[in-house]
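**Student:** how does the following fold in three dimensions:
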Amino acid sequence: MWETTQTAETAAAPQAVWSCYEDPATWPSWNPDLVAIERTGPFAAGTTGTVTNEGRPPVPFTLTAVEPGTGFTMETRPGGGLVAQSVCHLTPLEGGGTLITHTMRLDGPPADQVGAAQGPLLTTGLSAGVLNLAKLAAG
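**Tutor:** Residues are numbered from 1 along each chain as shown. The predicted structure is shown next:
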């Protein structure tokens, strides 16, 4: 397994950040690697769709866990036995604001190889995405 986690604080309340998660139209504006995301249903566990990252074909995804206002996990299976999970979590900060935590997990036989080859790029994109989301949610 390979994993990286990035965080950012925002003055925005958790619900403001959550509103960005619930609206896939905002995702390309804060996620620099994302070209498009399409969902087939509500922002709830079990909902599926497709996600298209820069330079890659669309990949099906499933929301495997959703805790409204707190966090969610989105899973893709891009091929070769690789399972990629995006885990997003919101923690209210004492005195106001939110700590946004995004974790990218790669599992399956090629996880360590993919992580070694693409880890720095994935980490940079994840870091930029969480910072952009913090700014967007704060208005």
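
**Student:** what residue is smack in the middle of the protein?
**Tutor:** With distances taken as C-alpha atoms, centre = their mean, Ser86 lies nearest the centre of the chain, 4.6 Å away.

**Student:** give me the secondary structure label for that one.
**Tutor:** Classification of Ser86 using DSSP: H, G, I helix; E, B strand; the rest coil returns strand.

**Student:** relative to His102, how far out is the closest residue in space to it that isn't next to it in sequence?
**Tutor:** In this structure, Ser86 finds its nearest non-sequential neighbour in Met74, 4.6 Å apart by C-beta to C-beta, 6 or more residues apart in numbering. C-beta: built from backbone N, CA, C; applies to glycine. Met74 sits 11 Å away from His102, going by C-beta to C-beta, to the nearest Å.

**Student:** overlap in contacts of those two?
**Tutor:** 86, 88 (C-beta atoms under 8 Å, 6 or more residues apart in numbering).

**Student:** mind checking the SS state of Val130?
**Tutor:** Per three-state DSSP, Val130 ends up helix.

**Student:** look up the pLDDT of the residue lying farthest from the centre of the chain for me, please.
**Tutor:** Most distant residue from the mean C-alpha position of the chain: Gly95, 25.8 Å away (C-alpha atoms, centre = their mean). pLDDT for Gly95: 92.

**Student:** show me where the chain has helices.
**Tutor:** Taking DSSP state H, the helices of the chain run over residues 14-22, 27-30, 111-138.

**Student:** which stretch among the ones you listed comes nearest Thr70?
**Tutor:** Thr70 lies closest, by C-beta to C-beta, to one member of the helices of the chain: helix 14-22, at 7.4 Å.

**Student:** give me the angle between the closest one and helix 111-138.
**Tutor:** Relative orientation of helix 14-22 versus helix 111-138 (axes from the mean of the first three to the mean of the last three C-alpha atoms, to 10 degrees): 120 degrees.
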